[in-house]
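Colleague: fold the following for me, if possible:
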Amino acid sequence: MQRRAFLKRTALGAASGVVIAAPVYAQEAPAVSWRLASSFPNESPTLFAGAEDVARYVSDVTDGKFRIEIFPAGDLVDAGQVLDAVQHRIVDCGHTASTRFFDTDPALCFDAGVPFGLNTRQMNAWMLQGEGLALTRVLFDKYGILNFPCGFTGAQMGGWFRGEVKTLDDLRGLKIKAGGFARQVLARMGAEPVDLPIAETYAALEQGGVDAVAWIGPHDDESLALYKVARNYYFPGWWAGTLQLSLYVNQTAHDELPKAYQAALGLASQMASANMIAKYDAGNPDALRRLVQRGAQLKAFPKPMLQAAHEAALKLYQELSAKDPMFKKLYESMTAFRDKDIPWFRVAEGGFDSLMANLAQPGG
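Modeller: Numbers count the residues shown, from 1 in each chain. Below is the predicted model:
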């Protein structure tokens, strides 16, 4: 009965020349065009895809009204300039890993991943249900930036080494591509950290310019073909139980958005995070098998070396905490959350994983 009445009113309106109004949201939604600078090149398709997910989602849910144009690293600004570009609104937003800006402010690394820190599940929980996001937003406020978690790599590999690392002495003097917090820890262990674009790592390894390259994991590493010039593939990547990527948004630009667009941006970042870790979890196993078939030799870092790395990291944490109250606050919050979570993960997640590793058979 109500449907017939509605149709009758609509027909009468059309007959009398009255046009039924479109939904208020469609009428009032403004057209917004943003520019996003990525710290990731096309050689890192999974990392780069996080920004593509964000742009696609906000466009879809706003019926194309909110568009974000993405610029790969080097196209508009260099990878290491994303923080500065967003802060000064050269771009409206950026997609990056905060470990890249360790030299600007060491505390920024807690927005991404630190040595002997959190795994993906723990990082996600600390950010969204613990103090992580609130504390890092206080940190970013001085840069005029609003940060959103926007991607996870999961636990990383330790990298490709030309030679074997059997003792701590074998690490001394090695030129290793590494960045952020890990660079400082490796230096204290006697290595020589080197920073160079990922696209140049194959030639550098082949020609002896570097002795090792730490990147992400099999899914990303496979396309670099580093196994051809450095067959020793070490694990674990102790410098990152996961690497969280972030969407940096200029605070003023964010404040200018309609509330619905702000919500879309936040939800898009969460979607990008879920998509990225799913891609890595699905892609790493097959990529690792292929790498081993092509000659990559999986090797665990020796325990004394890991212990030395842990001791060096702890000393650096203490030194930085003594210099910077914000670093200290973030470090204490993160470690308290980690230490609370690890017993539960050991009992439940670790227990189940161990059970299945012992019981499961291929094809079973």
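
Colleague: switch to C-alpha atoms for all contacts and neighbour counts from now on
Modeller: Fine.

Colleague: residue 251 and residue 192, how far apart?
Modeller: To residue 192, residue 251 is 38 Å away according to Cα to Cα, to the nearest Å.

Colleague: what about the residue lying closest to residue 192 once chain neighbours are set aside, neighbour count?
Modeller: The spatially closest residue to residue 192, leaving aside those adjacent along the chain, is residue 175, at 4.6 Å (Cα to Cα, 6 or more residues apart in numbering). By the measure other Cα atoms under 10 Å, the count of residues near residue 175 is 23.

Colleague: tell me, what's the model's pLDDT at residue 175?
Modeller: Reported pLDDT at residue 175 in the predicted model: 97.

Colleague: check the one 4 residues further on too.
Modeller: Looking at residue 179, its pLDDT reads 86.

Colleague: how about it, what does it touch?
Modeller: Residue 179 is in contact with 99, 100, 193, 194, 195, counting by Cα atoms under 8 Å, 6 or more residues apart in numbering.

Colleague: that one and residue 148: what is the separation?
Modeller: According to Cα to Cα, residue 179 and residue 148 sit 22 Å apart.

Colleague: then residue 77?
Modeller: From residue 77 over to residue 148 the distance is 20 Å, taken as Cα to Cα.

Colleague: more crowded one of those two?
Modeller: The neighbour count for residue 77 versus residue 148, taken as other Cα under 10 Å, is higher for residue 148 (24 against 18).

Colleague: show me the beta-bridge partners of that one.
Modeller: Per DSSP bridges, the residues bridged to residue 148 are residue 247.

Colleague: next one: the closest residue to residue 109 other than its chain neighbours from residue 204, what distance?
Modeller: Spatial nearest neighbour of residue 109, excluding adjacent residues (Cα to Cα, 6+ apart): residue 99 at 4.6 Å. As judged by Cα to Cα, residue 99 and residue 204 stand 23 Å apart.

Colleague: next helix or strand past the top helix by length along the chain?
Modeller: Ranked by residue count, the top helix of the chain under DSSP state H comes out as helix 259-293. Next along the chain after helix 259-293, taking DSSP states H and E as the criterion, comes strand 297-300.

Colleague: can you give me the offset of the following helix or strand past that next one from its chain's centre?
Modeller: Per DSSP H and E, strand 297-300 leads on to helix 303-323 as the next helix or strand towards the C-terminus. The chain centre lies 23 Å from the centre of helix 303-323; the measure is Cα atoms, centre = their mean, to the nearest Å.

Colleague: follow-up on the earlier one: between residue 99 and residue 204, tell me which one has more neighbours.
Modeller: Counted by other Cα under 10 Å, residue 99 and residue 204 do not tie: residue 99 has more neighbours, with 25 against 18.

Colleague: what about that one, distance to residue 180?
Modeller: As defined by Cα to Cα, residue 99 lies at a distance of 5 Å from residue 180.

Colleague: need the residues touching each of these two.
Modeller: residue 109.

Colleague: remind me which helix or strand the residue nearest to the spatial centre of the chain belongs to.
Modeller: In the chain, the residue lying closest to the centroid (Cα atoms, centre = their mean) is residue 245, at 2.4 Å. Assessed by DSSP H and E, residue 245 sits inside strand 244-250.

Colleague: try residue 70
Modeller: Using DSSP H and E, residue 70 maps to strand 66-71.

Colleague: other residues contacting the helix or strand following that strand?
Modeller: As assigned by DSSP H and E, the chain's next helix or strand after strand 66-71 is helix 82-87. With Cα under 8 Å, 6+ apart as the test, helix 82-87 has contacts from 37-39, 77, 91-96, 101, 143-145, 248-250.

Colleague: ok, now stretch 56-73?
Modeller: 29-42, 48, 51-52, 55, 79, 261, 264-265, 268.

Colleague: circling back: if I read this right, the residue nearest to residue 109 contacts residue 107, doesn't it?
Modeller: No - contact criterion Cα atoms under 8 Å: residue 99 and residue 107 do not qualify, at 9.1 Å.

Colleague: list the helices and strands the longest helix of the chain packs on?
Modeller: For helix 259-293, the packing partners by 3 or more Cα pairs under 8 Å, 6 or more residues apart in numbering; DSSP states H and E come out as helix 45-61, strand 145-152, helix 218-221.

Colleague: residue 84: how many residues sit nearby?
Modeller: Neighbourhood size, residue 84 [other Cα under 10 Å]: 15.

Colleague: and it, how far from residue 36?
Modeller: For residue 84 relative to residue 36 (Cα to Cα), the value is 13 Å.

Colleague: now residue 97
Modeller: 14 Å.

Colleague: quick one, which of the two is more surrounded?
Modeller: For residue 97 versus residue 36, neighbours defined as other Cα under 10 Å are more numerous around residue 97 (31 against 26).

Colleague: what's the closest non-adjacent residue to that one?
Modeller: residue 245 is the one closest to residue 97 (Cα to Cα, 6+ apart), at 4.6 Å.

Colleague: wait, a strand at residue 193?
Modeller: Yes - Residue 193: assigned to a strand according to DSSP: H, G, I helix; E, B strand; the rest coil.

Colleague: the nearest residue to it once chain neighbours are set aside: neighbouring residues, count only.
Modeller: Spatial nearest neighbour of residue 193, chain neighbours left out: residue 176 (4.9 Å); criterion: Cα to Cα, 6+ apart. A count of neighbours around residue 176, defined by other Cα under 10 Å, yields 25.

Colleague: in a strand, residue 176, correct?
Modeller: Yes - counting by three-state DSSP, residue 176 is part of a strand.

Colleague: how about the contacts made by it?
Modeller: Contacts for residue 176 (Cα under 8 Å, 6+ apart) come out as 191, 192, 193, 194, 210, 211, 212, 213, 214.
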